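Colleague: Give the three-dimensional model of this entry:
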Amino acid sequence: MSNVGSLAAPQQQQQQLQLDAGWERLEGVRRQVESGAALSTQLAELMRGVDGRLSQLERDVSDVHRTSSHLQLVHNNIDAVLDSVDRKLAVFDTAASVQPTIRAGLRGGEVEAYVQCLDRVGQAISYLTRNKQFKSSSAALAQLKELRDVGVEQCEQLFGALLVRHSIPLDPARFGYTAPAAAAPGEPGAASLTDPTRRLQRTPSSLQSLASMPAAAIAAGQPPSSSASSAATPGPAEPQAEDEYALIRAEGIGELKRLVARFVSLGASKYIVDYADKRVKAINSALRRLSPDKMIADEPASPAPAASQRQTASSSSSAAAVPVHPFASCVSFYLCLLTHEAALCAELINDAASIDRCLSHIIEHTSPLLLDTADSINILKKSVDKGFGVFVLLELWSRCSRLVQQHHQLLMVDDEKHFLRLTAMVEDFAAGADKCLEDFDSYVRTDYGKQLPPDGTVHELTSNACVFLKRLYDGRDALQELRASASTTASGAGGIAAEFTLRVLLQLSDNLAAKAKREKKQALANVFMLNNLHYIDKTLRSPPLSSLLMLPAAGLKEFSKGIERSISEQRDIYKASWKPALELINSDSVKIKDKAKLSSKEKDTLKAKFKGFNSEIQELFNTQRTYFIPDVELRKVVRSDIQAIIVRPYAAFYDSFAAVPFSKNQGKYVAYSKDTLQAMLAKFFEGSAA
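Modeller: The predicted model follows:
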């Protein structure tokens, strides 16, 4: 136990030492904390003092800043006053500074520098106009306006020179048009009607919308864009490919637009008339290249040759298609040019009122060439004999009417004046066509020539009427439009053409019947009616008129059946003219008991029969040898009728009595063998050359 106690005492002593050392350290920490707290209190007091001093400094600096801002404002106001004075002095000094450049002109000078001087003049005039209170403003303004007028005149001359330099010749061939080809004598002139305005898929709704469209876009058929800007910012033009239908070279557009912008800013407007005059000259030159003077007499002033000429009468071919009239091509070309001109005006001028003024001037001084040509054509065609000028007038009315309506919006400038003029031109064509139809109707109805053709062939009236109707069929659509409002019976495609055809053929039939009725030679009247009725029937049943027979309401089918009945009646009447000769060779009328032993009375009977027949046949031959049936089919039918009436009965009579000895000079009475008679009859209806 004593050992354990002796060991624990040092440990406790050691622990006590450690505990004492810890308390000492804690006491040191306490003293340091108390010292830090005292320092913190002192530092807080010090910081409160610094903060007060900083607040006072801030209040002092704020007072200085307010004073400085006031001084800066005063300085700025002084600068503004000085700048204003400088500008006013510069305005009054503008005339003196730019006068040498402006009066020197553009000869050999820099265009841009000259234009900048004009800009300064324009700005000075604008300023002095607003501030007339300055004592010397009136004198300065007068001097500036004088310089402006000099400069504008110089720029207008430059504008005209640039316009001439950059204008592309308006060759009609470039736009797809050609001048009328040289026509053979008696044939209409041909013309090309390749219409590049078809590229314009729609006409812009107004010239204001055109202002936002370049010429290339219009030529490509692009519609006006609703998002397009209505005003272009003047400046250098962007490089662009040359437009196929461009009127001005691409590199010239930018220069011209810059000059136009200066004209607008300076209030100048004379350039619009100068521009329009030069475009008028270009358009009129292009139109003259299409030779409008040659468009007036483009076909014979008389109808087709008379059908009394055998080759014409026997022809059953339909009328050749009428080529496009060159004047219609000229109108199309003109409106195409106007469309491109409107686009060019919009691109250069870019102001709706100025565009209208410019375009109106162009139309005013280019349309007379077309209108005068149209008047000449109308007068000439209305004077063509028998109304045969109607085909040209119908075509021109139809084509020009559509062209004018398609370009209606383009022509609406200047209170519709130009649109109304071209519309009047179209209406004149319609009135001329109506007059020609009336003239033809009167010709068919009242042509009562006293004598028939001596050979009984197709009458000139019949030939002309049929040729007219076939040609009119080609213009049936135009005729339908022209007379649709006046028709109450015909309807549908070709209805009015069928109605007109029926009326003409009825009048023609009545006229022919009246002519035949006055003829004393019945056989000639029969041949005449056969020829003419057959010609009418064949024309009606052949293309193109045959299609009209399919229109049930037209009445042409019933008319054709009536013509067939009339032809049959005329054949019967003609066959009756051979009845006297037929009665002479009637075997039943000769009573002979013994052919070997004839009595004197029987011999005299046979002599009289043969002699009378010979005389009758010879008289018929002498009378009808000049009669002519040009149609091979009809000639064959009529000859067949004669053979049925004469040849077969004569053959029976000949076989029965030609060998009977009724005379010592038998050949004197039996003048025709069966073959001889048939050969002679085969010469009938060959005409005077037979």
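Colleague: and after the lengthiest helix in the chain, which helix or strand comes next?
Modeller: Secondary structure of the chain per DSSP state H: the longest helix is helix 2-104. Next helix or strand after helix 2-104 toward the C-terminus (DSSP states H and E): helix 111-130.
Colleague: Identify each buried residue in that following helix, please.
Modeller: By neighbour count with 16 or more other CB atoms under 10 Å, helix 111-130 contains the buried residues Tyr114, Val115, Cys117, Leu118, Asp119, Arg120, Val121, Gly122, Ala124, Ile125, Tyr127, Leu128. Every residue, glycine included, has its C-beta placed from N, CA and C.
Colleague: again, but for stretch 396-410
Modeller: For stretch 396-410, by 16+ other CB under 10 Å, it's Leu396, Trp397, Ser398, Arg399, Cys400, Ser401, Leu403, Val404, Gln406, His407, Gln409, Leu410.
Colleague: For Cys345, state which of the buried residues of helix 111-130 is nearest.
Modeller: Val115 (21.9 Å; CB to CB).
Colleague: Out of the buried residues of helix 111-130, the closest to Val660 would be?
Modeller: Nearest member of these to Val660, counting by CB to CB, is Val115, at 124.0 Å.
Colleague: Quick check: that closest one vs Ile355, distance?
Modeller: For Val115, the distance to Ile355 (CB to CB, to the nearest Å) stands at 23 Å.
Colleague: is it true that Ser383 touches Leu393?
Modeller: No - Ser383 sits out of contact with Leu393 when judged by CB atoms under 8 Å, with a separation of 11.6 Å.
Colleague: which of these two has more neighbours?
Modeller: Remark: of Ser383 and Leu393, Leu393 carries more neighbours, 29 against 13, as counted by other CB atoms under 10 Å.
Colleague: residues touching the more buried one, list them.
Modeller: When contacts are counted by CB atoms under 8 Å, 6 or more residues apart in numbering, Leu393 touches Ile377, Asn378, Lys381, Lys382, Phe429, Ala430, Gly432, Ala433, Cys436.
Colleague: and it, that's in a strand?
Modeller: No - the assignment for Leu393, made by DSSP: H, G, I helix; E, B strand; the rest coil, is helix rather than a strand.
Colleague: hmm, back to that, are there helices or strands packed against the longest helix of the chain, and which ones?
Modeller: Contacts defined by 3 or more CB pairs under 8 Å, 6 or more residues apart in numbering; DSSP states H and E place helix 2-104 against helix 111-130, helix 137-166.
Colleague: could you dump the ones you listed to a markdown table with mean pLDDT and distance to Leu598?
Modeller: A markdown table is the format used below for the helices and strands packed on helix 2-104 (pLDDT from 0 to 100; distance: least, CB to CB, whole Å):
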| stretch | mean pLDDT | distance to Leu598 |
| --- | --- | --- |
| helix 111-130 | 77 | 127 |
| helix 137-166 | 78 | 112 |
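Colleague: and those helices as CSV, adding distance to Gly28?
Modeller: Putting these into CSV (distance: least, CB to CB, whole Å) gives the following:
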stretch, distance to Gly28
helix 111-130, 90
helix 137-166, 96
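Colleague: between the ones you listed, which gets nearest to Leu469?
Modeller: Between Leu469 and the helices and strands packed on helix 2-104, the tightest spacing by CB to CB is seen for helix 137-166, at 53.8 Å.
Colleague: the inter-axis angle of the closest one versus helix 2-104?
Modeller: If you take axes from the mean of the first three to the mean of the last three CA atoms, to 10 degrees, helix 137-166 sits at 90 degrees to helix 2-104.
Colleague: How far does helix 137-166 sit from its chain's centre?
Modeller: The chain centroid and the centroid of helix 137-166 are separated by 42 Å under CA atoms, centre = their mean, to the nearest Å.
Colleague: Am I right that Glu347 is in contact with Ile253?
Modeller: Yes - in this structure Glu347 lies within contact range of Ile253 using CB under 8 Å: 6.8 Å.
Colleague: Please list the residues outside stretch 160-175 that contact it.
Modeller: By CB under 8 Å, 6+ apart, stretch 160-175 touches 178-179, 196, 244-249, 251-253, 255-256, 259, 274-275, 278, 282-283, 285-286, 289-290, 333, 336-337.
Colleague: which among these end up buried?
Modeller: Buried subset of those (neighbour count, 16+ other CB under 10 Å): 178-179, 196, 245-248, 252-253, 255-256, 259, 275, 278, 282-283, 286, 289-290, 333, 336-337.
Colleague: Give me the angle between the longest helix of the chain and helix 111-130.
Modeller: 90 degrees.
Colleague: chain center to helix 2-104, what's the gap?
Modeller: The mean C-alpha position of helix 2-104 is separated from the chain mean by 88 Å, CA atoms, centre = their mean.
Colleague: same question, stretch 592-601
Modeller: 90 Å.
Colleague: Compute the first-to-last residue distance for it.
Modeller: End-to-end distance of stretch 592-601 (CA to CA, to the nearest Å): 10 Å.
Colleague: May I see the buried residues of it?
Modeller: Quick answer for stretch 592-601 (16+ other CB under 10 Å): Ile592, Leu598.
Colleague: which other residues reach that stretch?
Modeller: Under the contact criterion CB under 8 Å, 6+ apart, stretch 592-601 has outside partners Glu602, Leu606, Phe657, Val660, Pro661, Phe662.
Colleague: mind checking the SS state of the last one?
Modeller: By that I understand Phe662. coil.
Colleague: residues in contact with it?
Modeller: The neighbourhood of Phe662, defined by CB under 8 Å, 6+ apart, consists of Leu598, Glu602, Lys603, Leu606, Lys607, Tyr669.
Colleague: Please determine how far it is located from Val61.
Modeller: 169 Å.
Colleague: what does Lys281 give?
Modeller: 79 Å.
Colleague: Can I get the buried residues of helix 111-130 in CSV including distance to Lys470?
Modeller: Formatted as CSV, the buried residues of helix 111-130 follow (distance: CB to CB, whole Å):
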residue, distance to Lys470
Tyr114, 70
Val115, 67
Cys117, 74
Leu118, 69
Asp119, 71
Arg120, 76
Val121, 73
Gly122, 70
Ala124, 77
Ile125, 73
Tyr127, 78
Leu128, 79
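Colleague: Which of those sits closest to Glu24?
Modeller: The nearest one, if we look at these relative to Glu24 and count by CB to CB, is Tyr127, at 96.4 Å.
Colleague: For stretch 368-382, the averaged confidence score.
Modeller: Mean pLDDT, stretch 368-382: 91.
Colleague: for that stretch, the distance to its chain's centre please.
Modeller: The answer for stretch 368-382 is 18 Å, by CA atoms, centre = their mean.
Colleague: Give me the contacts around that stretch.
Modeller: Applying CB under 8 Å, 6+ apart, the set of residues contacting stretch 368-382 from outside is 284, 287-288, 292-293, 295-297, 301, 327, 330-331, 334, 389-390, 392-393, 396, 421-422, 425, 428-429, 432, 435-436.
Colleague: Mind checking which of those land in helices?
Modeller: Using DSSP H, the subset of these located in helices is 284, 287-288, 327, 330-331, 334, 390, 392-393, 396, 421-422, 425, 428-429, 432, 435-436.
Colleague: hang on, the earlier thing: buried subset of the contacts of stretch 592-601, written for ChimeraX?
Modeller: Those of the contacts of stretch 592-601 that count as buried under 16+ other CB under 10 Å are selected in ChimeraX with:
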select :602,606,657,660,662
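Colleague: Just the ones of the contacts of Phe662 in helices?
Modeller: Secondary structure from DSSP H places Glu602, Lys603, Leu606, Lys607, Tyr669 of those in helices.
Colleague: possible to save those as JSON lines with pLDDT and distance to Asn511?
Modeller: Listed next are the ones in helices among the contacts of Phe662 as JSON lines, based on pLDDT from 0 to 100; distance: CB to CB, whole Å:
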{"residue": "Glu602", "pLDDT": "84", "distance to Asn511": "53"}
{"residue": "Lys603", "pLDDT": "85", "distance to Asn511": "53"}
{"residue": "Leu606", "pLDDT": "88", "distance to Asn511": "48"}
{"residue": "Lys607", "pLDDT": "87", "distance to Asn511": "48"}
{"residue": "Tyr669", "pLDDT": "88", "distance to Asn511": "46"}
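Colleague: No further queries at this time; thank you.
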